[in-house]
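Q: Predicted structure and sequence below. I'll ask about it afterward.
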Amino acid sequence: MNTVIGLLHGALLLLLLCHLSITTSVMLAPPAQVRFDSVDYMNILRWTPSASNMSLRYYIQWKIYGEPQWLDVSGCQGIKKHQCDLTGLTSDPTEWYYARVHADYLSSTKSAWTLSPRFNPRWDTKISSPVLRLNVTEHGIVVRVKSPRLLVRKMHNSLLYKIYLIHTSGEEEVFEMDCCSKKLTLQELSHKTKVALVALRSVSLHSDHTAVSFPFSSLRCGASQNKWTCLPSVSSSVHRCLDSCRHTVMHFITYKH
């Protein structure tokens, strides 16, 4: 009898050891590639899951560089998606931020934390291309440039638009608009003038008014009989952008008024 009891105890101990071994072996790998993806001051934290398990949930914390305490991100606790909007928490352009993520499986197994690179909205956000809208009237070509509201609110004192009016001859004219200008009217265009318009957003980031240029508007090349053509003899910066637009439709305007 004692022998049987001893064997049962041994079997239970073996099962317990096996369970502990299995639990240890299936510890969750932490999320990978945790990083801020910021466009026009919309600061989204993204990461790559370590496993394709629909039961995994993620917990996100953030802090200001130099502060000792990590803070939970409200609305990003126990989420299943692989991103978290931190725009409201990381909006101060004078601060640097960190974020971190860990995974949880059925509230029983957790991964280690994965830390993001240090992030600053002023230096790390990407500025999108402005939206260029054109309207041909009897008075000329009316140009309107639109930017995201958040970007304008953040940088309205330093946003400047440069409008390139490029003639087929290669002649180039440059006009400037600030962010609050409603429109620009291009007048005195000769009959049947054919031109291309390119908008560039420029942002002054320094006290010495050094300008940093960001992407052009939707770049467009002219097409004739299914052949792409770009304008000759334009400035090097615009020419590089025109060279990069060969797979994007560029509409030219023929002014007939």
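A: On my side now, so go ahead.
Q: Is P117 part of a helix or strand, or is it coil?
A: For P117, the assignment made with DSSP: H, G, I helix; E, B strand; the rest coil gives coil.
Q: Number the chain from 800, please
A: Sure, I'll start counting at 800 from here, so that last one is P916.
Q: quick one, strands of the stretch 800-949 of the chain?
A: With DSSP state E, counting those that start in this stretch as the criterion, the stretch 800-949 of the chain has strands at 831-838, 841-847, 855-863, 870-878, 882-884, 896-904, 908-909, 913-914, 930-936, 939-945.
Q: Provide the contact partners of the third one at residue level.
A: Going back to what we said before, that points to strand 855-863. With contacts defined as Cβ atoms under 8 Å, 6 or more residues apart in numbering, strand 855-863 is touched by 827, 830, 844, 846, 848, 868-872, 875-881, 883, 885, 888-889, 894-904, 912. C-beta coordinates here come from the backbone N, C-alpha and C atoms, glycine included.
Q: Kindly recompute the last result at 6 Å.
A: 869-872, 875-878, 883, 888, 894, 897-904 (Cβ atoms under 6 Å, 6 or more residues apart in numbering).
Q: Please apply the same query to the fifth one.
A: Under the contact criterion Cβ under 6 Å, 6+ apart, strand 882-884 has outside partners 843-845, 859, 872, 875.
Q: deepest of the strands of the stretch 800-949 of the chain, which one?
A: Ranked by mean neighbour count, the strands of the stretch 800-949 of the chain are led by strand 896-904 with a mean of 21 (mean count of other Cβ atoms under 10 Å).
Q: Map the structural domains onto the sequence of this protein.
A: 831-923, 930-1054 (automatic domain parsing).
Q: looking at these, which one has the lowest mean pLDDT?
A: Mean pLDDT is lowest for domain 930-1054 among the domains of the chain, at a mean of 57.
Q: ok, back up a step: in a markdown table, list the strands of the stretch 800-949 of the chain along with distance to L958.
A: Putting the strands of the stretch 800-949 of the chain into a markdown table (distance: least, Cβ to Cβ, whole Å) gives the following:
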| stretch | distance to L958 |
| --- | --- |
| strand 831-838 | 15 |
| strand 841-847 | 16 |
| strand 855-863 | 27 |
| strand 870-878 | 30 |
| strand 882-884 | 23 |
| strand 896-904 | 23 |
| strand 908-909 | 44 |
| strand 913-914 | 33 |
| strand 930-936 | 14 |
| strand 939-945 | 10 |
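Q: Since that was my last question, I'll sign off now.
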